[in-house]
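*Asks:* after the sequence you'll find the predicted model.
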Amino acid sequence: MTHSSTAGPSSPEGGPAPAAGPPGGDALLRAAIRHSAARCVALCLLTTAGAGTALLLPHALGRALDALLTGPTGGDAHHWLLISAALVAVGTLLDACEGVLTGTTAARTTAWLRHRLVRHVLDTGPRATTRFPAGDLVARLVGGTAQAGPAPATVAALAATLLTPLGAIVALGLVDLRLALVFLVGAPALAWLLRTFARATSDCVSGYLRAQGDLATRLTEAIGGARTIAAARTADKETARVLAPLPELSRQGLRMWRVQGRASAGAVTLAPLLQIAVIAAAGLLLLHHSLTVGELLAASRYAVLATGVGALVGDLGALVRTRAAGRRTAELLDVPPPRYGDDELPAYGGDLELRGVTVRRAGRTVLDRVDLTVPAGRTLAVVGASGAGKSTLAALAGRLADPDEGTVLLDGVPLPDLRRSALRSAVGHAFERPVLLGDTLADTIALGAPEDRVVPAARAARADPFVRRLPDGYATPCADVPLSGGELQRLGLARAFAHGGRLLVLDDALSSLDTVTEHEIAAALLDHTPGATRLIVAHRATTAARADTVAWLEGGRVRALGPHERLWRDPAYRAVFAGEDGPA
Ligand SMILES: Nc1ncnc2c1ncn2[C@@H]1O[C@H](COP(=O)(O)OP(=O)(O)OP(=O)(O)O)[C@@H](O)[C@H]1O
């Protein structure tokens, strides 16, 4: 192992810069619309056909009325009445189909968004989970996607909903151009109403979703800390803290209803005024024999359809809500996942090298130009006071994070150049608090490794005895096992042993074990992973003593590098393990 205190050759950041800029909310919704393109087209056709039947109906009714009034036998009135009845029936059928298609399209889009975003968040790993608090992340992935999901159906419906009033204005013009002109005089007020409504709604929805995310974040924190809250008997105080965003949520919700109410009230006032103006103009034209009674009837129906702002307000509101939710959800895509290269590793090896790596967090340098080399098959213990940068260094070694400067290489290959699969099979991890993923204990230990490795790995990690004592042994569902911190860590270690990569990174993974078990596992670590390179973040002198070399970190820099026995002579080094005996 080598160490130099000077910066090594500094290479460009091997970080995860995205190939293209992160897509915004609208881009995500456009992608969702493309995904549901066929359904959107079908929906557009259905709503257009619905608009068509709605527009034809007044004409058919007008013709039926004219026919009844002009001939003693009613002329072809029955013919037009039949057409009107058919239009009503077709309109109802189209409405029903539209309802079903709207619902299923929204459900499919929500599923697609969830799939895409969950995959993205898990691909991005700790980068995403440090930027977004857990509760907020879940709120965006569950609630945000459900609110954004109806976007394609809403866009398709809105496009067709616009057709009805526009078609009605054209139809008014066809009945008599002057009627369309009368209507258009009031149109700017209508446009202003819709624009104001859309802006105010967008603002309220963003505020509402923010407050909802805040509530979810606080709730998740409280659930995670339920034991502490119970021990401190602070449930009342914590309930108040969790629910603190409720007034803001309620304020934004009420504001949204007020905006909607004002827009509807405006529409309700404006619409009858415009309808009366059109009917009055049509009445005058009737008096001057420029219109028939049937045309007056049709014109009055078209005036109603042209002022159908109610439907527009609803659809526009839905579109604004889905866009706001889409924008908020798409913020998850702002954190790009790491890029992987195409390189493979040589058949054998395990040389780990950190060259001049610097990591900054929240504007602070937490690792400062660190150079380290761990030859294949050797064990490096990383020690240091709390906050020295040990976990950050461990995360770099397995590429759970990328350095801001410098390079991490495995067998001479920079980690970002490696294929995802190569990196995955080469590096195994164990953490201080492992999470039991998978359905059963066997699943959680294997986590992708061959099943026949599960039991030997559990034996090596001293997990086998307590697993076998469970009624269903390795088949016990993870959710049914109450585990102590030490048992949990043994399962995490078993998982790392089962993985069997050439590099094993143990980040404080032995801290909850009693001294005897820790001693046994440390010995098993060498037997069970022969040839593997091991990087062990250690808090105990006994763990450091078993390593070939110790890297002593202080303030993000390597203060010293060497065997534990030699470093132990330094009182400052001994102070790192304050309270422990001898160099073990
Ligand atoms: N996402 C982050 N944002 C801001 N600061 C961070 C972040 N991650 C780590 N840090 C800071 O970087 C420093 C090093 O953290 P790290 O977890 O590597 O320390 P450590 O030596 O492993 O500490 P411990 O022994 O207590 O686990 C700490 O001061 C920590 O607060």
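*Replies:* Looks like it arrived, so ask away.
*Asks:* what ranges do the helices span in the stretch 301-450 of the chain?
*Replies:* 309-330, 390-397, 420-426, 441-446 (DSSP state H, counting those that start in this stretch).
*Asks:* just the stretch 51-200 of the chain next, same as before
*Replies:* 77-124, 126-131, 134-139, 145-148, 151-175, 177-185, 187-224.
*Asks:* okay, now whatever residue of the stretch 51-200 of the chain ends up closest to the ligand: neighbour count?
*Replies:* Using C-beta to the nearest ligand atom, the closest approach of the stretch 51-200 of the chain to the ligand is made by Thr130 at 4.3 Å. All C-beta spots, glycine's among them, are computed from the backbone N, C-alpha and C. Neighbour count of Thr130, defined by other C-beta atoms under 10 Å: 12.
*Asks:* show the model's pLDDT score for it.
*Replies:* pLDDT, the model's per-residue confidence, is 79 for Thr130.
*Asks:* do the same with Ser4
*Replies:* 39.
*Asks:* now Ala458
*Replies:* Reported pLDDT for Ala458: 92.
*Asks:* which ones are touching the nearest residue to Trp80 once chain neighbours are set aside?
*Replies:* Leaving aside its chain neighbours, Trp80 sits nearest to Ala64 (3.6 Å; criterion: C-beta to C-beta, 6 or more residues apart in numbering). For Ala64, the contacting residues are Ala77, Trp80, Leu81, Ile83, Ser84, Gly294, by C-beta atoms under 8 Å, 6 or more residues apart in numbering.
*Asks:* with Val118 instead?
*Replies:* Leu141.
*Asks:* what's the distance between the residue nearest to Cys97 when sequence neighbours are not counted and the ligand?
*Replies:* Excluding the flanking residues, the one nearest Cys97 by C-beta to C-beta, 6+ apart is Leu46, at 5.5 Å. Between Leu46 and the ligand the computed distance is 50 Å (C-beta to the nearest ligand atom, to the nearest Å).
*Asks:* is it fair to say Leu46 lies in a helix?
*Replies:* Yes. Leu46: assigned to a helix according to DSSP: H, G, I helix; E, B strand; the rest coil.
*Asks:* per-residue pLDDT, it?
*Replies:* 90.
*Asks:* ok, it - how many residues close by?
*Replies:* 23.
*Asks:* Ala96 is in contact with that one, correct?
*Replies:* No. Applying C-beta atoms under 8 Å as the test, Leu46 and Ala96 come out as separate, 9.9 Å apart.
*Asks:* coming back round to it: the helices of the stretch 301-450 of the chain: which one's closest to the ligand?
*Replies:* Taking C-beta to the nearest ligand atom, helix 390-397 is the member of those nearest to the ligand, at 3.3 Å.
*Asks:* and the closest one, what does it pack onto?
*Replies:* strand 352-361, strand 364-374, strand 379-384, strand 503-507, strand 533-537, strand 549-554 (3 or more C-beta pairs under 8 Å, 6 or more residues apart in numbering; DSSP states H and E).
*Asks:* distance from the helix or strand of the chain with the lowest mean pLDDT to the middle of the chain?
*Replies:* One helix or strand of the chain scores below all others by mean pLDDT, DSSP states H and E: helix 515-528, with a mean of 77. Chain-centre distance of helix 515-528: 40 Å, with C-alpha atoms, centre = their mean, to the nearest Å.
*Asks:* what's in contact with it?
*Replies:* 379, 456-457, 460-462, 486, 490, 493, 497, 504, 506, 510, 513, 534, 540, 542-543, 546.
*Asks:* returning to what we had before: and the contacts of Ala64, which two are the farthest apart?
*Replies:* Ile83 and Gly294 (13.3 Å; C-beta to C-beta).
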